[in-house]
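Trainee: have a look; sequence and predicted model below, questions after that.
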Amino acid sequence: MKGTLRAICLSQEKGTPKTAVEVAELVADHGLRGDAHAGPWHRQVSLLDCAEVAAMRQKLPEIGPGAFAENLTLEGLDCSSLGLGTRLRLGAQAEIRLSQLGKVCHSRCAIYHETGDCIMPRVGLFARVLKGGSVAVADP
């Protein structure tokens, strides 16, 4: 199965929208260098399917990459069919393993207040970084 990395996003604080960048570095057992969610835990990187973001954009055309605090947006994969433990290679050498499907939101974060909904609890994917490397928008 092949897909394409359509957006890479980082933030300095948890619970806030992320800012899109063209290139970033995935660090083994850490996450994306410079991102607030990086660290030695099971949700080092968050992912969304482009189709899910596009569906929300129908309701809120002004939302852009990182609006749901996702780190990576993927196109061309049916993300809903990916299970725990699925490994994905990103770019030339980075590799991640899915560690959580969806999440529990205990409070209405800034993302919810800005967009009126947060899709991460329903369709967000979370992963650990197995092998680091540089990733760029449009990487396979």
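Mentor: That came through fine. Residues are numbered from 1 along each chain as shown.

Trainee: quick one: the most centrally placed residue in the chain from residue 61, how far?
Mentor: Centrality entry for the chain: nearest residue to the mean C-alpha point is residue 47, 2.5 Å, by CA atoms, centre = their mean. In this view, residue 47 and residue 61 are 23 Å apart by CB to CB, to the nearest Å. Bear in mind the C-beta positions are built from the backbone N, C-alpha and C, glycine included.

Trainee: try residue 41
Mentor: Applying CB to CB to residue 41 and residue 61 gives a distance of 34 Å.

Trainee: and if you look at residue 67?
Mentor: Counting by CB to CB, the gap from residue 67 to residue 61 is 11 Å.

Trainee: comparing the two, which shows the higher neighbour count?
Mentor: Counted by other CB atoms under 10 Å, residue 67 and residue 61 do not tie: residue 67 has more neighbours, with 22 against 8.

Trainee: show the pLDDT at the residue nearest to the centre of the chain.
Mentor: Residue 47 carries a pLDDT score of 96 in this model.

Trainee: need the residues that contact the helix or strand containing it.
Mentor: Element membership of residue 47 [criterion: DSSP states H and E] is strand 45-49. Outside strand 45-49, the residues that touch it by CB atoms under 8 Å, 6 or more residues apart in numbering are 26, 31-32, 37, 68-75, 77-80, 96, 119-120, 123-129.

Trainee: tell me the angle the helix or strand following it makes with strand 45-49.
Mentor: Following strand 45-49 in sequence order, the next helix or strand is helix 50-59 (DSSP H and E). With axes from the mean of the first three to the mean of the last three CA atoms, to 10 degrees defining the directions, helix 50-59 sits at 70 degrees from strand 45-49.

Trainee: how about the CA coordinates for helix 50-59, as CSV?
Mentor: As requested, the backbone C-alpha atoms of helix 50-59 are provided in CSV (Å, rounded to 0.1, in the frame of the first residue of the first chain):
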residue,chain,number,x,y,z
CYS,A,50,-6.5,13.7,4.1
ALA,A,51,-10.0,12.5,3.4
GLU,A,52,-11.1,13.2,7.0
VAL,A,53,-9.6,16.7,6.9
ALA,A,54,-11.3,17.4,3.6
ALA,A,55,-14.7,16.3,5.1
MET,A,56,-14.2,18.8,7.9
ARG,A,57,-13.1,21.5,5.4
GLN,A,58,-16.6,21.2,3.8
LYS,A,59,-18.0,22.6,7.1
